[in-house]
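Colleague: when you get a sec, could you give me coordinates for this:
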Amino acid sequence: MDPDELRQQWFDLSGPWIEEARIGRNPTRTGLLDPAMLSLCGNVSGLRVLDCGCGEGRLCRIMVERGAGFALGVDSCPPMIEAARELQTNRDEYRVADAQDLSFLRPSTFDLALSCLNHCDLPEYEANIREVFRVLRPGGRFLVANLHPMRSASGMWQRDESGVKQHVIVDDYFDETERQWRMMGVDFTNFHRSLESQVNAFLGVGFRLERLMEPTITTDLAEAYPELADERRVPNFIVYAWLKP
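Modeller: Residues are numbered from 1 along each chain as shown. Prediction:
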């Protein structure tokens, strides 16, 4: 995949993405991913946090609000970083950079790293894993939310003649290539990897798996997010908590 083409896709997506993050409802994030990621974060008071693929800075701002001492967001899309800087405080910072190359950061300088739906966008996600391992302090943690391999393999619903959803289609699971999608009116590219490949990429650099979650809608949130009812049938995301020993 041409890196320039990938960058252009995210440049095209940045406008609607920023608008959705700032004023939209986005139930998959607030109803599914936020509860999972924040529960795994625990107490972040005083921590130095790195957000890989920070977009318009939403997670960094949440970390600062929860007491993080410093949050750095990196993203290769300039409009995203420009938007993040609009709401920047004295405890968060944003940089246009490739999450696959964090060579500008010193080793062992962060306590917590985050990647929320970024690995599925990276052609070389293993490079990000190696870089994060390097910049984390011993005892540091890497929390990663990714598309569930069941969904990134195909992810579309099989429907009957009346349009009722029957099941999610899983096909070409072991073909670890790019997948083409359309979101917010923009065509873009994601990269599918099997569960085996994902887990072994972390283990291979020395991470230890602390916890794995497949977020679903909870009973108390079901009324607030009725559009997420299908999440009780098949997982959309997978969330890992990795520890650097």
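
Colleague: quick one: low-confidence parts of this structure?
Modeller: Within the chain, no stretch has pLDDT under 70.

Colleague: go through it and flag its longest helix.
Modeller: Longest helix in the chain by number of residues (criterion: DSSP state H): helix 3-23.

Colleague: neighbouring contacts of the helix or strand that comes right after it?
Modeller: Using DSSP states H and E, the helix or strand that follows helix 3-23 towards the C-terminus is helix 27. Under the contact criterion C-beta atoms under 8 Å, 6 or more residues apart in numbering, helix 27 has outside partners 225, 227-228. For every residue, glycine as well, the C-beta is placed using N, CA and C.

Colleague: which strands and helices sit next to whichever strand or helix holds D51?
Modeller: Applying DSSP H and E as the criterion places D51 in strand 48-52. Using 3 or more C-beta pairs under 8 Å, 6 or more residues apart in numbering; DSSP states H and E, the elements in contact with strand 48-52 are helix 58-65, strand 70-75, strand 110-116, helix 125-135.

Colleague: adjacent strands (with direction) for that strand?
Modeller: Applying DSSP bridges, strand 48-52 is found paired with strand 70-75 (parallel), strand 110-116 (parallel).

Colleague: quick one: closest of those strands to L38.
Modeller: Checking the strands paired with strand 48-52 against L38 by C-beta to C-beta gives strand 110-116 as the closest, at 10.4 Å.

Colleague: got the contact list for that closest one?
Modeller: Counting by C-beta under 8 Å, 6+ apart, residues outside strand 110-116 touching it are 33, 37, 41, 44, 47-53, 59, 63, 68, 72, 99, 128, 132, 135-137, 139-146.

Colleague: mind running it again at 7 Å?
Modeller: The set of residues external to strand 110-116 that reach it, using C-beta atoms under 7 Å, 6 or more residues apart in numbering, is 33, 37, 41, 44, 47-53, 59, 128, 132, 135-137, 140-145.

Colleague: of those residues, buried ones?
Modeller: With burial judged by 16 or more other C-beta atoms under 10 Å, the buried subset of these is 33, 37, 41, 44, 47-53, 59, 128, 132, 135-136, 140-145.

Colleague: R193 contacts E178, doesn't it?
Modeller: No - contact criterion C-beta atoms under 7 Å: R193 and E178 do not qualify, at 10.9 Å.

Colleague: the two: which has the busier surroundings?
Modeller: Using other C-beta atoms under 10 Å as the criterion, R193 and E178 rank with R193 on top: 20 against 13.

Colleague: not counting sequence-adjacent ones, nearest residue to that one?
Modeller: E176 (5.2 Å; C-beta to C-beta, 6 or more residues apart in numbering).

Colleague: any idea how far A71 lies from D98?
Modeller: Distance from A71 to D98, counting by C-beta to C-beta, to the nearest Å: 19 Å.

Colleague: when these two are compared, which one has more neighbours?
Modeller: Higher neighbour count among A71 and D98: A71, with 30 against 19, using other C-beta under 10 Å.

Colleague: which ones are touching the more buried one?
Modeller: Per C-beta under 7 Å, 6+ apart, neighbours of A71: 49, 51, 60, 63-64, 91-92.
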